[in-house]
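In: What shape does this take:
(one chain, ligands or ions: 2)
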Amino acid sequence: PGTHHWLFGDQLGPHFIDPARGGPRRDAPLLMIEARSVLRRRRFHRAKAHLILSAMRHRAAELGDRVRYVKADTYREGLREAVGDAPVTVHHPTSHAALAFVRSLPSVRVLPARGFLVTHDEFKLWADGRGSKHLRQEDFYRWVRQRHDLLMDGDQPAGGRWNLDHDNRRPPPRGAADLGVPGPYRPRESEIDDEVRADLDRWSRDGDVEFVGEDGPRGFPATRREALAALDRFVEHRLPTFGAYEDAVLAGDATMSHSLLSSSLNLGLLDPAECAERAEARWRSGDVPLNSAEGFVRQITGWREYVWHVYWRFGARYRESNALGHHEPLPAWFTDLSPDATDANCLSHVLRQVGATGWTHHIPRLMILGSLALQRGWEPGAVTDWFHRSFVDGYDWVMVPNVVGMSQYADGGRMTTKPYTSGGAYINRMTDFCGPCRYKPTVRVGEDACPFTAGYWNLLHRHRGRFEHNPRMTQAVRGLDRLADLEELLEQERDRKD
Ligand code: FAD
Ligand code: SF4
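Out: Residues are numbered from 1 along each chain as shown. Ligands and ions are numbered 1, 2, ... in the order given. Presented below is the predicted three-dimensional model:
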């Protein structure tokens, strides 16, 4: 006893204080610091600020006398106020900046990371074993499945295939307004939520912090109990259709069959192993098709784990990558989440959703918001920062690889083999946005030109020299030669105002 253990705001589940898993002693006093400077530095979505503070304060209320909860301006001040120079332990934080900070303090001892399936040492073993080969996500995923015995029959993947992605690209059901599955779990607010909201109101009134977006009622779990209820609801009612419609988007059904568990996982309220195991159990009992169970297990144990380790492996300067030399600033209508500023139905709709909830599923992030930023040549660091602030589940470790690597191709292909972007044809196939839109997805020049179709060709043209050497892009780049109206298109994009 005596040594305090510090819990960051994304270390809120029981696995962060478990002595059997390398955590602090059962009687160790705990410390939490609510640092206002974090909010002051950038304009966050209000729903995100509300969720994080609510989750921290709920956790402190659960821990009762065992925790000292300090409200301070900075972490440094909070630590000084709570324990002075006395020794403190903390589990490995989740950003390069926070890790550098805790390592710079002689009184702080850093314990191994929690909240992920694969340890840093395990990942190193895998990555080093590959020599100079590309760290392919698919190879990593298969290795995780074997090593952690997930969806395996002996040494073979359950059902005979590792990846059922081909079964998971169905367009939305034609003519349907929604997928027809029970909605996701929604929490009931407590007095703590009201207190947090009153604090946010006061801080904005005083001009101390500035927010964007709407908050309330809270849409995402703030406690372990709520997060477990959300997991239950997902695996019991929503998982069966997760696989088939994973990439589909319907204007009238924002959540489709997605889990909405990212914020709970990233706050540390859920452990990824329990999520994957629950999905596997549902498949083994015959209640869920394999493409759904495998699809979900791949998101959690393939993508989420991979992104976490890539963040550390590629180092603190990875976030500055800008292989395509993109330097345009993000326009104010975009950062202000103003849906009426654009006539592009898909974009307007998704911006409205981000404003209202701080969340969209993967495809709107990648193929609408991210794709637009890439096509317009916006600065990848600023795009990362925008995503980080505007999404309830955004943290440095998860945003940097997803935005810099996956969505903006700013690392020149270290994470993905080709840029993720498309013209309106893909959006038309996978969503129901195009029908009512004032633009036409097949038109690239003139009044009806779809900004994504025109933007796609414009991007290929700008980076032709680089992309034509990428075997996965050669064919697309050759398509430029068949465009009789390319000059007109380039001029139109140069003059674009929205
Ligand atoms: P589901 O579709 O139900 O998937 C299940 C879980 O898999 C998610 O909860 C999440 O924990 C995990 N997952 C799936 N894909 C990824 C991925 N690429 N990276 C990390 N975890 C993944 N996810 C975040 O958690 N935080 C972010 O800040 C974030 N930013 C993103 C930015 C961009 C540009 C893109 C393209 C993706 C981003 N993602 C981020 C990944 C993914 O879009 C979200 O995890 C997912 O949409 C969250 O909704 P869900 O919980 O319903 O996910
Ligand atoms: Fe979006 Fe283009 Fe379709 Fe309009 S036509 S909804 S801008 S993809």
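
In: Could I get the contacting residues of residue 95?
Out: 395-397 (C-beta atoms under 8 Å, 6 or more residues apart in numbering). To be clear about C-beta, it is placed using only N, CA and C from the backbone, and glycine gets the same treatment.

In: cool, residue 432 as well?
Out: 172, 249-252.

In: Just the buried ones from the residues you listed, in ChimeraX syntax?
Out: This is the ChimeraX syntax for the buried subset of these, where burial follows 16 or more other C-beta atoms under 10 Å:
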select :172,249,250,251
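
In: and of the contacts of residue 432, the nearest to residue 237?
Out: residue 250 (17.7 Å; C-beta to C-beta).

In: Give the buried residues for the lowest-mean-pLDDT helix or strand in the chain.
Out: Across the helices and strands of the chain, mean confidence by mean pLDDT, DSSP states H and E is lowest for helix 36-41: a mean of 89. Using 16+ other C-beta under 10 Å as the test for burial, helix 36-41 gives 36, 38-39.

In: and what of stretch 337-348?
Out: Neighbour count says stretch 337-348 has 337, 339, 341-342, 344-348 buried, by 16+ other C-beta under 10 Å.

In: Export those residues as JSON lines, with columns for distance to ligand 2.
Out: Output for the buried residues of stretch 337-348, formatted as JSON lines (distance: C-beta to the nearest ligand atom, whole Å):
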{"residue": "337", "distance to ligand 2": "17"}
{"residue": "339", "distance to ligand 2": "13"}
{"residue": "341", "distance to ligand 2": "13"}
{"residue": "342", "distance to ligand 2": "8"}
{"residue": "344", "distance to ligand 2": "4"}
{"residue": "345", "distance to ligand 2": "4"}
{"residue": "346", "distance to ligand 2": "3"}
{"residue": "347", "distance to ligand 2": "6"}
{"residue": "348", "distance to ligand 2": "9"}
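
In: Secondary structure added to these, as CSV?
Out: Below are these laid out as CSV (DSSP: H, G, I helix; E, B strand; the rest coil):
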residue, secondary structure
337, coil
339, helix
341, helix
342, coil
344, coil
345, helix
346, helix
347, helix
348, helix
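
In: Considering the residues you listed, which is situated nearest to ligand 1?
Out: residue 347 (14.4 Å; C-beta to the nearest ligand atom).

In: who's in contact with the residue lying closest to the closest one once chain neighbours are set aside?
Out: Nearest non-adjacent residue to residue 347, counting by C-beta to C-beta, 6 or more residues apart in numbering: residue 368, 6.0 Å away. The contact partners of residue 368, by C-beta under 8 Å, 6+ apart, come to 346-347, 350, 427.

In: confidence score at residue 368?
Out: For residue 368, the pLDDT comes out at 98.

In: next one: residue 216
Out: 85.

In: before we move on, the earlier item: TSV please, covering the contacts of residue 432 and showing pLDDT and secondary structure.
Out: Below are those laid out as TSV (pLDDT from 0 to 100; DSSP: H, G, I helix; E, B strand; the rest coil):
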residue	pLDDT	secondary structure
172	95	coil
249	97	strand
250	97	strand
251	97	coil
252	97	coil
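
In: before we move on, back to that, among the contacts of residue 95, which are in strands?
Out: Judged by DSSP state E, the contacts of residue 95 include no members of strands.

In: filter the residues you listed by proximity to ligand 2?
Out: Filtering the contacts of residue 95 for proximity to ligand 2 by C-beta under 6 Å from any ligand atom leaves nothing.

In: Mind checking which of the residues you listed land in helices?
Out: 396-397 (DSSP state H).

In: near ligand 2, which residues of the stretch 301-450 of the chain show up?
Out: Residues of the stretch 301-450 of the chain lying near ligand 2 (C-beta under 6 Å from any ligand atom): 344-346, 424, 427-428, 433-434, 437, 439-441, 450.

In: where do the strands sit along this protein?
Out: Under DSSP E, the chain gives strands at 4-7, 30-35, 44-45, 67-72, 88-91, 108-111, 152-153, 156-157, 211-212.

In: Going by neighbour count, which residues of the fourth one are buried?
Out: Applying a neighbour-count criterion of 16+ other C-beta under 10 Å, one finds 67-70, 72 buried in strand 67-72.

In: Which neighbours in the sheet does that strand have, and how are they oriented?
Out: strand 30-35 (parallel) (DSSP bridges).

In: So what's the model's average confidence on the strand it pairs with?
Out: pLDDT averaged over strand 30-35 gives 97.

In: Tell me how far it lies from the chain's centre.
Out: Taking C-alpha atoms, centre = their mean, to the nearest Å, one finds strand 30-35 lying 24 Å from the centre of the chain it belongs to.

In: so residue 306 touches residue 139, yeah?
Out: No: counting by C-beta atoms under 8 Å, residue 306 sits too far from residue 139 to count as a contact (9.8 Å).

In: Which one of these two is surrounded by more residues?
Out: Between residue 306 and residue 139, counted using other C-beta atoms under 10 Å, residue 306 has the larger neighbour count: 23 against 15.

In: Give me the spatial nearest neighbour of the more buried one, chain neighbours excluded.
Out: Per C-beta to C-beta, 6+ apart, closest to residue 306 is residue 137, 4.8 Å.

In: quick one, helices of the stretch 51-200 of the chain?
Out: 75-83, 96-103, 120-128, 137-147, 191-205 (DSSP state H, counting those that start in this stretch).

In: what about these, which gets the closest to ligand 1?
Out: helix 137-147 (9.1 Å).

In: coming back round to it: export the contacts of residue 95 to a markdown table and tack on neighbour count and distance to ligand 1?
Out: Below are those laid out as a markdown table (neighbours: other C-beta atoms under 10 Å; distance: C-beta to the nearest ligand atom, whole Å):
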| residue | neighbour count | distance to ligand 1 |
| --- | --- | --- |
| 395 | 20 | 6 |
| 396 | 18 | 9 |
| 397 | 21 | 9 |
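
In: got TSV for the contacts of residue 95, with distance to residue 161 and pLDDT too?
Out: Output for those, formatted as TSV (distance: C-beta to C-beta, whole Å; pLDDT from 0 to 100):
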residue	distance to residue 161	pLDDT
395	32	97
396	34	97
397	30	98
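
In: Could you pick out the residues of the stretch 251-400 of the chain near ligand 1 for me?
Out: Counting by C-beta under 6 Å from any ligand atom, the residues of the stretch 251-400 of the chain near ligand 1 are 258-262, 265-266, 296, 299-300, 303-304, 307, 361-362, 365-366, 370, 387, 391, 393-394, 398-399.

In: Could you tell me which of the residues you listed count as buried?
Out: 258-262, 265-266, 296, 299-300, 303-304, 307, 361, 365-366, 370, 387, 391, 393-394, 398-399.

In: rewinding a little: looking at the strands of the chain, which is closest to ligand 1?
Out: strand 44-45 (11.5 Å).

In: Mind listing the strands the closest one pairs with, and their directions?
Out: In its sheet, and by DSSP bridges, strand 44-45 pairs with strand 211-212 (parallel).
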